[in-house]
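Student: after the sequence you'll find the predicted model.
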Amino acid sequence: MSIVSISMPEALLDRLDTFADEHGYSGRSEVVREGTRTLLEEFQQGATDGSTHSCTVTAVFDYGQSGVQQQLTGIRHENDDIVSGTTHAHMSDEYCVELFVLRGTTEELAGFVNTVRAIPDVRTVEYSILPLGVELSEQALQ
């Protein structure tokens, strides 16, 4: 097995260690391996047949981090073909939330989510994907 060195803020490292201890992992490496596998596989489970899906993406970031809002606005404009709308909210004196509503293929949505995740000062990115069209109608009836 290869050895990989990564950098992360001390607070995140503390959370990683606590998580490993509380959930019975043998150490940091086991948690990072599982997290990496999950991240790499998350979009592979979705349909990749080119069908259209609806997606909401929520990004949380520190209010004081200059440039994050500008980067998110840039990403929004670069992906104008799949972004249906955005909302910005101040959650506290410390945090802001940017909500994106998207419509596109799984590949397009995955690219968007990964681009937002790549912004260094974004703390959390969550998303939800729903199929559009026939699949949605059948799902709503169940």
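Tutor: Sure thing, it's come through.

Student: contacts and neighbour counts: CA atoms only from here.
Tutor: OK.

Student: tell me the contacts of the residue nearest to the spatial centre of the chain?
Tutor: The centre of the chain sits closest to residue 125, judged by CA atoms, centre = their mean, with a distance of 3.5 Å. Counting by CA atoms under 8 Å, 6 or more residues apart in numbering, residue 125 makes contact with 57-60, 113, 116-117.

Student: that one pairs with what?
Tutor: Here residue 125 sits in beta bridges with residue 59, going by DSSP bridges.

Student: ok, the one 4 residues further on next?
Tutor: The bridge-partner assignment for residue 129, based on DSSP bridges, gives residue 55.

Student: what about it, distance to residue 92?
Tutor: 27 Å (CA to CA, to the nearest Å).

Student: settle it for me: which of the two has more neighbours?
Tutor: residue 129 (16 against 10; other CA atoms under 10 Å).

Student: give me every residue that touches the more buried one.
Tutor: Contacts of residue 129 (CA under 8 Å, 6+ apart): 53-56.

Student: one more time with 10 Å
Tutor: 43, 46, 53-57, 102-103, 106, 109 (CA atoms under 10 Å, 6 or more residues apart in numbering).
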